[in-house]
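*Asks:* Got a predicted structure plus its sequence, pasted below:
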Amino acid sequence: MLSPGYLSLAGREPGRRVVADLSAISEGFVAVGSTGDLAPGEMKFVAVDRERVVLANIDGTFYALRDVCGHRNAPLSRGRLIGCLIECPLHFAQFDMRTGKLVDGPVSADIAVYEVRVESSVIYVKQ
Ligand code: FES
């Protein structure tokens, strides 16, 4: 049982607790980790309401995209983060991590973007 004000975080390490902002949660945001978990230039997969989401830190700003390439459904989180571009691991399509826009590759669709909020070092993604 969690104490009031504490919430389970998707993708967090077992045994760690992060204070979650209840106002963010009431607006549909889900806590997915803390800012210290992801250094600039890093990305990771998180689950938000059973959806795969790739979360990235680009120069200290956090962004979230659906973690599925529209070409052959590869998990983008297994690819590479090159500056603000995320590269698909299968056929190397590239998308702008900040906007989800296709930059290059064998696919015609952009990637869905999730709204991200950071409060008190907690990263939230809107469902
Ligand atoms: Fe991503 Fe083919 S699965 S480019």
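*Replies:* Noted; the coordinates are in hand.

*Asks:* Tell me the neighbouring strands of the strand ranked longest in the chain, and mark each as parallel or antiparallel.
*Replies:* Ranked by number of residues, the top strand in the chain under DSSP state E is strand 51-58. Strand 51-58 pairs in its sheet with strand 43-48 (antiparallel), strand 61-66 (antiparallel), by DSSP bridges.

*Asks:* Looking at the ones you listed, which is nearest to the ligand?
*Replies:* strand 61-66 (12.4 Å; CB to the nearest ligand atom). Just so you know, the C-beta spots here come from the backbone N, C-alpha and C atoms, and that holds for glycine as well.

*Asks:* circling back to that earlier point, show me which residues of the longest strand of the chain are buried.
*Replies:* 52-58 (16 or more other CB atoms under 10 Å).

*Asks:* what do you get for stretch 64-80?
*Replies:* Buried residues in stretch 64-80 (16+ other CB under 10 Å): 64-71, 74, 76-77, 79.

*Asks:* now, the most widely separated pair of these?
*Replies:* Across these, the longest distance by CB to CB is 19.9 Å; it joins 64 and 71.

*Asks:* How confident was the prediction at the most centrally placed residue in the chain?
*Replies:* By CA atoms, centre = their mean, the chain has its centre lying nearest to residue 55, at 2.1 Å. We note a pLDDT of 98 for residue 55 in this prediction.

*Asks:* Check the secondary structure at residue 23 for me.
*Replies:* helix (DSSP: H, G, I helix; E, B strand; the rest coil).

*Asks:* For it, grab the count of nearby residues.
*Replies:* Using other CB atoms under 10 Å, residue 23 has 9 neighbouring residues.

*Asks:* Next one: it relative to the ligand, how far apart?
*Replies:* From residue 23 across to the ligand, the span is 37 Å (CB to the nearest ligand atom, to the nearest Å).

*Asks:* so what's that residue up against?
*Replies:* Counting by CB atoms under 8 Å, 6 or more residues apart in numbering, residue 23 touches no other residue.
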